[in-house]
Each structure stands twice: as structure tokens, then as C-alpha cells.
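> Curious how this folds, go ahead:
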Amino acid sequence: MFRRIAIAVIVTVVGMSVAAVAGARPRHQINPTPFSHAPCSVLDGQPCTPTYCSVFNHGPCIPEIDYPYGENLQLTIETVPPQDQAAKYQKPDHDLDTIGDLFAALRSCWLPPAADSAWQGMQMSVRFSFKRTGEIIASPRMTYATAGVSADTRAAYLKAINASLDACMPLKFTGGLGGALAGRPIAIRYVDNRELGKQAEKP
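Numbering: from 1, shown residues only. Now for the predicted structure:
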């Protein structure tokens, strides 16, 4: 009788131990990375982002999200737009809700210098940022100007750029776009492609 009780106790203890060990096994963790950004091979049939790491890193890595417009928002504005892009130079008739809306509004704002102070083929780039409210944080900073033109020509174009932007401010952003753009640098390249009959100046 005592022997049967002892065997029953041993079996019970062993069973409890096995259950405890089984319960202590690590559970399968769910990958928190969205499937669309999970690293994999280009030969895999599942949705994923093919990628690789450095030769010094033996494991897979997750790339930074590839925003369609890059970290800097970059835009080229031509004085005479191509015929097939005329619609992109029309200001939207609603609050700006997308990057495309923003670019269209900025294109529609551009008023180049008068022909007597302009220069054919002139290019100038400026850089600035917006507030959440659609206002420019500070005066646009010139980052590039066509080489060989006079200081007066550069000044005329920078004045025209500032005047064009001031006339359009503040832009009307939706809450989502304003939050996404606030403080983010924007670079605009202005190209004066009018037929003005002038050649580039020499330094």
C-alpha cells in the first residue's frame, strides 16, 4: 500500500515537472516588422524588401523607408513649362493635402524678372522650410546660381523668387501635410528657359 502511494506521488511530481518545463519553453515571437519591409531574398515568393548588409554584418538588415521624394524635397520650376506638364503649374483649388499639391502651388507662384533684367538660361536654387501653418520659417537661402552672370542679375532673380513666394504665403495646408512638412528642408531650382536673346555673361 505504501509502495503504491509512493509511486503515485512520484508520477504526480514528474508530471508537474514536465508541464512546468513545457510551459517555460519560449513562445514563438511575432515579428513586429511590417511584412512589406521584412528583409528577404529576391527569390522569395512572399512580399518583402530585398536587402543586404555590410560584408562585416552577417545578418539581414532593414533598410530605411525609401520616401518617393527623398529626405530633401526637391523641385524644378521652369518659367515656360513643357506643354505636357501645364497642369502641374496650376494652383489647386483646395487646401494642399499632398506633396504634388504643394509642388503645383509653388510652380504657380513663380513670376520671373522682367525681360530687360533677365538672362536666358539662368538657373538659381534656394532652400527653405515651412511652418505647420504654411508660412516660410525664414528667408529662402540661395544655394546655387548660374556661373558667369553679374551680381545685378543674381540679385534680380533672388528678388523675384522672394517676391513670388511672399505673394503666395501663407499656403493652406491640411493638418496632415502641415505636420509632415514642418521644418523639413525644401530645395527649389528655378530655370528661366524663355527666349530672351542673351548669352551667358563671362566673369
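
> Skipping its backbone neighbours, what lies nearest Ser125 in space?
Distance criterion Cβ to Cβ, 6 or more residues apart in numbering; nearest residue to Ser125, sequence neighbours excluded, is Tyr144 at 4.0 Å. No exception for glycine: its C-beta is placed from N, CA and C like everyone else's.

> mind listing what the one you found touches?
For Tyr144, the contact set (Cβ atoms under 8 Å, 6 or more residues apart in numbering) comprises 123-125, 189.

> Also Ile77?
Per Cβ under 8 Å, 6+ apart, neighbours of Ile77: 106-107, 110, 188-191.

> Check Cys168 too.
Contacts of Cys168 by Cβ under 8 Å, 6+ apart are 105-106, 108-109.

> Inside strands: which ones of those?
In this view, these have no member that belongs to strands under DSSP state E.

> Selection in ChimeraX covering whichever of the residues you listed are buried, please.
This is the ChimeraX syntax for the buried subset of those, where burial follows 16 or more other Cβ atoms under 10 Å:
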select :105,106,108,109
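
> Show me which of the contacts of Cys168 is closest to Phe173.
Ala105 (9.8 Å; Cβ to Cβ).

> List the single closest residue to that closest one in space, sequence neighbours excluded.
Nearest to Ala105 is Lys91, by Cβ to Cβ, 6+ apart, at 5.1 Å.

> In which helix or strand does that neighbour reside?
Using DSSP states H and E, Lys91 maps to neither a helix nor a strand.

> Test for you: state the pLDDT assigned to it.
You'll see Lys91 listed with a pLDDT of 93.
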